[in-house]
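Colleague: dropping the sequence and predicted coords here.
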Amino acid sequence: MLCAATAAPVPHSAFSAASAGPNGSSEAAILVAVRVRPFSDKELALLAKPSNSQFGPTARNFMTYEEAPQEPPNSKAIRKVVHTIDDHVLVFDPPDENEQQRALVGASNKRHKDIRFVFDRVYGEESSQRDVYEGTTRGLLDSVMHGYNATVFAYGATGCGKTYTISGCAEDPGVVFLTMQELFDRIAIAEDERTVEVALSYLEVYNETIRDLLCESGPLALREDTKQGVTVAGLSEHVPRSVSEVMDLMVRGNANRTMSPTEANAVSSRSHAVLQVHVRQKPRAGGLQTDVTTATLSIIDLAGSERATVARSNNARMREGANINRSLLALANCINALCDQKTKRHIPYRDSKLTRMLKFSLGGNCRTVMITCVSPASTYFEETHNTLKYANRAKNIKTTVNKNTKSTQVHLAQYQGKIKEQSEEIARLQREIAAIKSKASSSGAVNSKTSAQANQAMIELRKQTLAVQVVQDMRNKLAAAYAPIREATWEQASAQAVGA
């Protein structure tokens, strides 16, 4: 029995710092999750009913096989090659006690591999979209709201559920909808203390060409510098005000995305799609010096790797598949190089547009989640094996994350605008206090609710006092700044008068 020695399951948040560094930086490991999709109707019709074995029908494995037909002789029956053990462990290609079943293996007619993999999260065929979101992407929102860049991307072979996991459908929305829904909920909670601005962009990488999915444009170029990282020149940005506006933009972008049917997947995505959400925050009661926090959340749906013999592609689809496989091979080479910490190998990010865009997600200033999607069917034997191997290696990648905070100093010419902004904030707080007092006086007797309202009024009064003090400080500094000018003007006028 072969066993792959992997790291033991660690009950940690992937976004907690592994070790603190200088300037508030910290080291974090990539969180790697595996999601096993259910069998399709076509696969269920060909699924052979297994004999009793240590990995037979269990509550954890979900598949009861009651409706699966008995395997007729010389049929093209398929079998289940991925068995989930618990929330962290799965077994690939376990042996079966039935000798007849033992002969049915993957594309290479070898005996069973029987490899055990351990990951941060493992989701079986019964897992829901909410389960996957809660265990992978939700923690990234904490990072984004605190000023850390974050990335989540779906990786796997074509037809294994990557696009479904990321986008979902109207009845069962995926990671994008659930993430944006909670993001706007958090913004609504924080709006009394901070001003939060959200902007997003949506692009695809098709045949090594970058294209904007929300605006008609030609091929776009990548730009890279040490301050902004990797950016796309000419990419449009949109400012949604609600989750519904985000989903409208997603529907529009997905309609423009390159998709074509293949034998492996009737709605196969032929491009890598990248959704970037930029979040900018600053305190409402900021003074002359304000800390502005920025962060970017990237949600990436990678195109699936495929074999031409499985997809049965024509010439155009075969060329697309070759480009997809080339970019995914470049990604695999980057993962291998990043995991080889001893030799300090060169990281070949420039081998494809995809790896250039993922440069800071894999080895830079970013907290990253990798959702690996696999099929349990033996028809995907080689693809599933390779996908699990690369996901297993990705666990060893470490990223160094830094909080994106910039301190801005108000210029002398901006004092009047800042005073106006603070005056508007004072007026808003005064209106809220007046409304609370009105409710308290109309309620009559003082109860616990009124007491809570009074406490809230005191908090708002403190905020108002602080804002008034900030405005007064600004006026004092403004007067002090203009004092030398007035004195110089007076001396000049006196000198002219004496000279006359």
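Modeller: Sure thing, it's come through. Numbering: from 1, shown residues only.
Colleague: can you pull out the helices in the stretch 101-250 of the chain?
Modeller: Secondary structure of the stretch 101-250 of the chain, counting by DSSP state H, counting those that start in this stretch: helices at 129-136, 138-145, 162-166, 175-190, 243-256.
Colleague: just tell me which of the ones you listed ends up closest to Gln464.
Modeller: helix 175-190 (19.2 Å; Cβ to Cβ). Every C-beta, even on glycine, is put in place using the N, C-alpha and C of the backbone.
Colleague: so what does the closest one touch, helix or strand wise?
Modeller: helix 129-136, helix 138-145, helix 162-166, strand 194-206, helix 243-256, strand 272-283, strand 289-301 (3 or more Cβ pairs under 8 Å, 6 or more residues apart in numbering; DSSP states H and E).
Colleague: relative to Glu182, which of the ones you listed is closest?
Modeller: Judging the helices and strands packed on helix 175-190 by Cβ to Cβ, what sits closest to Glu182 is helix 138-145, at 5.9 Å.
Colleague: angle of that closest one against strand 194-206?
Modeller: In terms of direction (axes from the mean of the first three to the mean of the last three Cα atoms, to 10 degrees), helix 138-145 departs from strand 194-206 by 120 degrees.
Colleague: please point out which parts of the helix or strand containing Leu338 sit buried.
Modeller: Element membership for Leu338, per DSSP states H and E: helix 315-339. By neighbour count on 16 or more other Cβ atoms under 10 Å, the buried set for helix 315-339 is 317, 320-321, 323-325, 327-328, 330-335, 337-339.
Colleague: can you put the helices of the stretch 101-250 of the chain in JSON lines and add distance to Tyr155, mean neighbour count and mean pLDDT?
Modeller: Listed next are the helices of the stretch 101-250 of the chain as JSON lines, based on distance: least, Cβ to Cβ, whole Å; neighbours: other Cβ atoms under 10 Å; pLDDT from 0 to 100:
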{"stretch": "helix 129-136", "distance to Tyr155": "12", "mean neighbour count": "19", "mean pLDDT": "95"}
{"stretch": "helix 138-145", "distance to Tyr155": "16", "mean neighbour count": "20", "mean pLDDT": "92"}
{"stretch": "helix 162-166", "distance to Tyr155": "7", "mean neighbour count": "25", "mean pLDDT": "92"}
{"stretch": "helix 175-190", "distance to Tyr155": "13", "mean neighbour count": "18", "mean pLDDT": "94"}
{"stretch": "helix 243-256", "distance to Tyr155": "19", "mean neighbour count": "16", "mean pLDDT": "92"}
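Colleague: need the ones you listed in a markdown table (columns: distance to Ser271).
Modeller: As requested, these are exported to a markdown table (distance: least, Cβ to Cβ, whole Å):
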| stretch | distance to Ser271 |
| --- | --- |
| helix 129-136 | 23 |
| helix 138-145 | 24 |
| helix 162-166 | 11 |
| helix 175-190 | 16 |
| helix 243-256 | 10 |
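Colleague: how about these, which one is nearest Val122?
Modeller: Taking those one by one with Cβ to Cβ, helix 129-136 is closest: 9.6 Å.
Colleague: extract the CA atoms of that closest one and return them as PDB.
Modeller: Presented in PDB, the C-alpha positions along helix 129-136 are these (Å, rounded to 0.1, in the frame of the first residue of the first chain):
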ATOM      1  CA  GLN A 129     -21.600  26.400  -2.300                       C
ATOM      2  CA  ARG A 130     -22.000  27.900   1.200                       C
ATOM      3  CA  ASP A 131     -19.700  25.200   2.700                       C
ATOM      4  CA  VAL A 132     -17.000  26.000   0.300                       C
ATOM      5  CA  TYR A 133     -17.300  29.700   0.700                       C
ATOM      6  CA  GLU A 134     -17.300  29.600   4.500                       C
ATOM      7  CA  GLY A 135     -14.200  27.400   4.600                       C
ATOM      8  CA  THR A 136     -12.100  29.100   2.000                       C
END
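Colleague: which other helices and strands contact that helix?
Modeller: So helix 129-136, by 3+ Cβ pairs under 8 Å, 6+ apart, packs with strand 31-36, strand 121-123, helix 175-190, strand 367-374.
Colleague: and the last one, what does it pack against?
Modeller: Spelled out, that is strand 367-374. Strand 367-374 is packed against strand 31-36, helix 129-136, helix 138-145, strand 150-156, helix 162-166, helix 381-394, strand 398-401, with contacts defined by 3+ Cβ pairs under 8 Å, 6+ apart.
Colleague: any weak-confidence spans in the stretch 251-400 of the chain?
Modeller: Applying pLDDT under 70 to the stretch 251-400 of the chain flags the ranges 260-268, 285-289, 306-317, 341, 343.
Colleague: send me stretch 83-94 as CSV with only the CA atoms.
Modeller: The C-alpha trace of stretch 83-94 is given here as CSV (Å, rounded to 0.1, in the frame of the first residue of the first chain):
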residue,chain,number,x,y,z
HIS,A,83,-12.8,8.9,-1.6
THR,A,84,-13.1,11.6,1.0
ILE,A,85,-12.2,10.4,4.5
ASP,A,86,-12.8,13.5,6.6
ASP,A,87,-12.5,17.3,6.3
HIS,A,88,-8.8,17.1,5.6
VAL,A,89,-8.0,13.7,4.1
LEU,A,90,-8.9,12.0,0.8
VAL,A,91,-7.7,8.8,-0.9
PHE,A,92,-7.0,8.6,-4.6
ASP,A,93,-7.5,5.2,-6.4
PRO,A,94,-7.9,2.9,-3.4
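Colleague: in that stretch, which residues are buried?
Modeller: Here stretch 83-94 shows His83, Thr84, Ile85, His88, Val89, Leu90, Val91, Phe92, Asp93, Pro94 as buried, counting by 16+ other Cβ under 10 Å.
Colleague: distance to Arg111, secondary structure and pLDDT added to these, as a markdown table?
Modeller: Output for the buried residues of stretch 83-94, formatted as a markdown table (distance: Cβ to Cβ, whole Å; DSSP: H, G, I helix; E, B strand; the rest coil; pLDDT from 0 to 100):
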| residue | distance to Arg111 | secondary structure | pLDDT |
| --- | --- | --- | --- |
| His83 | 17 | strand | 94 |
| Thr84 | 22 | strand | 94 |
| Ile85 | 21 | coil | 94 |
| His88 | 26 | coil | 95 |
| Val89 | 22 | strand | 95 |
| Leu90 | 19 | strand | 95 |
| Val91 | 15 | strand | 95 |
| Phe92 | 13 | strand | 95 |
| Asp93 | 9 | coil | 90 |
| Pro94 | 12 | coil | 90 |
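Colleague: among those, find me the one that's closest to Ile433.
Modeller: Checking the buried residues of stretch 83-94 one by one against Ile433 (Cβ to Cβ), the nearest turns out to be His88, at 52.2 Å.
Colleague: just confirm that closest one contacts Phe119, I think it does.
Modeller: Yes. Between His88 and Phe119 there is a contact under Cβ atoms under 8 Å: 6.2 Å.
Colleague: how many neighbours does Gly161 have?
Modeller: Per other Cβ atoms under 10 Å, the neighbour tally for Gly161 reads 22.
Colleague: quickly note the distance from it to Thr387.
Modeller: Note on Gly161: its distance to Thr387, by Cβ to Cβ, to the nearest Å, is 12 Å.
Colleague: what touches both of the two?
Modeller: Listed contacts common to Gly161 and Thr387 are Cys373; contacts here mean Cβ atoms under 8 Å, 6 or more residues apart in numbering.
Colleague: where's the nearest residue to Lys406 once chain neighbours are set aside relative to Leu140, distance?
Modeller: Spatial nearest neighbour of Lys406, chain neighbours left out: Val292 (5.0 Å); criterion: Cβ to Cβ, 6 or more residues apart in numbering. Distance of Val292 to Leu140, computed by Cβ to Cβ: 21 Å.
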